[in-house]
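>>> need the 3D shape of this:
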Amino acid sequence: MERHEAVLAELEQMREGAASLMRAKLEAVARQTRELAARLASDLDVVVPPDLEALFPIGSVAEHLQSLAAAREPTPMLSLETLRRLDGGRAQSEVLQELLRQLGPWCGPRAIVVVRDGSAQGWSGAGFPVGDPARSWKAALGESRALTKAASGTPVLVRASDDPALSAWFDGSAKRVFLTPMLLRGKVVGVLLALEGDSALNAVVIQQLNYTVGLMLETLATRPPTPNPALAEPEDLTGGEAEPEPQPIAPAPVPEMLEEAPVAFHEVPQVAPEPPRAAAGAADTVQLRVPVTPAVPAMPVRTPEEERKHEEARRFARLLVSEIRLYNEQAVQAGKLAHDIYRRLKEDIDRSRDMYEQRVSAEVRAESNYFQDEMVRILADGDPKALGI
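Here you go, the predicted structure:
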């Protein structure tokens with residue numbers, strides 16, 4: 001029994017020794033781990049400094065983003081009111097003048113020049129400090145690389161001071177000028193110039209307006225005189241109770257009338273003058289001869305379709321002749337003084353007359369001469385002799 005107790009005591013002693021040894025080794029490992037963690041923590045302060053800007057500087061990036069946000073232009077958008085005002089023009093000059101007015105918020109001084117025979121002639125401008133100097137502009141395309149590019153169909157952005165013609169037109173300004181070609185029936189007939197304003201030069205909106213006006217001018221002769229319903233304010237049917245549809249009102253009974261003989265269209269009845277009354281106490285009676293108003297000849301009655309064709313012919317003639325004057329103002333003014341407008345503009349007039357005769361039916365031309373009427377009104381300012389025909 002004592003031997004067994006001795007063995008058990010020896011085993012317990014061995015167990016205590018093993019446990020002590022394990023504790024010592026674990027404490028050594030823990031101590032080494034703590035020392036290693038402390039070194040890592042100190043190294044971490046070196047690798048990741050407290051001031052993160054020293055590790056990954058983004059201050060300059062933030063400043064750049066703020067500058068971009070401040071300089072961001074507003075989203076280009078044409079308002080319905082702008083399109084309505086352009087749609088309200090019924091002649092080329094009206095539409096183009098409205099274009100110059102509507103460009104105001106998107107640029108500074110702006111102008112339209114007519115391109116013809118290798119030269120650029122100012123037509124009209126807007127937004128200039130004094131008057132409209134664009135009307136006196138004139139330059140050969142060869143003198144201006146920017147005008148040459150635009151006249152060939154390429155939009156151009158250039159500093160006015162870098163181009164001789166533009167520098168002269170815009171008084172040596174160092175601001176940017178945007179030039180965009182103006183087309184009619186696929187041909188460049190002019191250039192729209194827009195100088196950078198104090199706050200904006202939005203080339204996108206300028207191009208949008210120029211393109212829209214080009215389409216309007218090409219359809220001017222066929223557009224109805226009433227506003228385009230596509231640009232009208234929409235009627236809101238989303239809220240509230242729907243208004244009841246109006247009920248048709250029964251026509252009132254018509255009293256029976258005595259039949260009368262039909263009166264011819266535009267016939268003016270003749271009224272016999274009353275015999276003159278004798279003046280009281282007068283020896284002689286003065287006879288007043290009252291002229292009888294002659295009957296107005298009856299005008300042919302046109303159907304709505306015939307009237308529509310005549311209205312289209314009138315508007316097409318007005319468009320063609322307005323275009324002639326638009327691009328030949330100096331020749332028109334000189335021709336009015338010399339009474340030889342037709343001689344000076346024979347090629348343009350004959351070409352437009354051919355276009356009119358090809359477009360307008362023979363029936364309408366047999367009853368009217370709208371092209372000649374518009375030449376007298378628009379080119380000769382009402383004086384037929386100024387045409388020299």
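>>> for Tyr356, give me its contacts.
With contacts taken as CB atoms under 8 Å, 6 or more residues apart in numbering, Tyr356 has the following neighbours: 313, 316-317, 320, 370-371. The C-beta positions use only the backbone N, C-alpha and C, and glycine is treated the same way.
>>> let me fix that, I meant to ask about Leu99.
Going by CB under 8 Å, 6+ apart, the list of residues near Leu99 reads 86, 112, 192, 209-210, 213.
>>> what's the answer for Lys138, then?
Lys138 is in contact with 119-122, counting by CB under 8 Å, 6+ apart.
>>> quick one, helices of the chain?
When secondary structure is read from DSSP state H, the chain shows helices at 2-47, 52-55, 59-71, 80-87, 92-102, 145-151, 164-169, 203-218, 304-326, 329-338, 341-344, 346-359, 362-367, 370-374.
>>> distance check, the residue lying closest to Gly59 once chain neighbours are set aside against Ala168.
The shortest distance from Gly59 to any non-neighbouring residue, by CB to CB, 6 or more residues apart in numbering, is to Glu53 (6.4 Å). Computed with CB to CB, to the nearest Å, the distance linking Glu53 and Ala168 is 53 Å.
>>> repeat for Lys149
Distance from Lys149 to Ala168, counting by CB to CB: 18 Å.
>>> more neighbours, these two?
Lys149 (17 against 14; other CB atoms under 10 Å).
>>> in space, what's closest to that one - neighbours in sequence excluded?
Lys149 sits nearest to Val156 (CB to CB, 6+ apart), 4.7 Å away.
>>> what number of residues lie near that neighbour?
Neighbours of Val156 using other CB under 10 Å come to 21.
>>> check contacts around it.
Here Val156 is in contact with 146, 149-150, 178-180 (CB under 8 Å, 6+ apart).
>>> nearest to Lys187 among the residues you listed?
Comparing the contacts of Val156 against Lys187 with CB to CB places Ala150 closest, at 13.7 Å.
>>> thought Thr180 was touching that closest one, still the case?
Yes: under the criterion of CB atoms under 8 Å, Ala150 is in contact with Thr180, at a separation of 6.7 Å.
>>> quick check: the two most widely separated of the contacts of Tyr356?
Ala313 and Leu320 (10.7 Å).
>>> can you give me the neighbour number for Ala317?
Residues lying near Ala317 (other CB under 10 Å) number 27.
>>> count of neighbours near Arg135?
That count, for Arg135 with other CB under 10 Å as the rule, works out to 14.
>>> could you do Leu217 as well?
Applying other CB under 10 Å, we find 24 residues neighbouring Leu217.
>>> pLDDT score assigned to it?
According to the model's per-residue confidence, Leu217 sits at a pLDDT of 87.
>>> so, low pLDDT: which residues of the stretch 51-200 of the chain?
54-55, 69-77 (pLDDT under 70).
>>> let's see that with 80 instead.
By pLDDT under 80, the low-scoring segments of the stretch 51-200 of the chain are 51-78, 90, 199.
>>> before we move on, back to that, and which of the contacts of Val156 is nearest to Met14?
Phe178 (99.0 Å).
>>> so the closest one sits against Pro155, correct?
Yes: the pair formed by Phe178 and Pro155 meets the contact definition of CB under 8 Å, at 7.2 Å.
>>> can you check which residues contact both of the two?
Going by CB under 8 Å, 6+ apart, residues that sit against Phe178 and also against Pro155 are Ala203.
>>> settle it for me: which of these two has more neighbours?
Here Phe178 and Pro155 are set side by side on neighbour count (other CB under 10 Å), and the busier one is Phe178, at 23 against 16.
>>> list the beta-bridge partners for that one.
Here Phe178 shows beta-bridge partners Leu157, Ala194, assigned using DSSP bridges.
>>> so what's it up against?
By CB under 8 Å, 6+ apart, the contact list for Phe178 reads 107, 155-157, 193-194, 196, 201, 203, 206.
>>> just the closest of those to Lys336, please.
Leu193 (28.4 Å).
>>> contact partners for that closest one?
The neighbourhood of Leu193, defined by CB under 8 Å, 6+ apart, consists of 110-113, 166, 169, 177-179.
>>> make TSV out of those residues and add distance to Gly127.
Listed next are the contacts of Leu193 as TSV, based on distance: CB to CB, whole Å:
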residue	distance to Gly127
Arg110	6
Ala111	9
Ile112	12
Val113	15
Leu166	16
Trp169	13
Val177	13
Phe178	14
Leu179	16
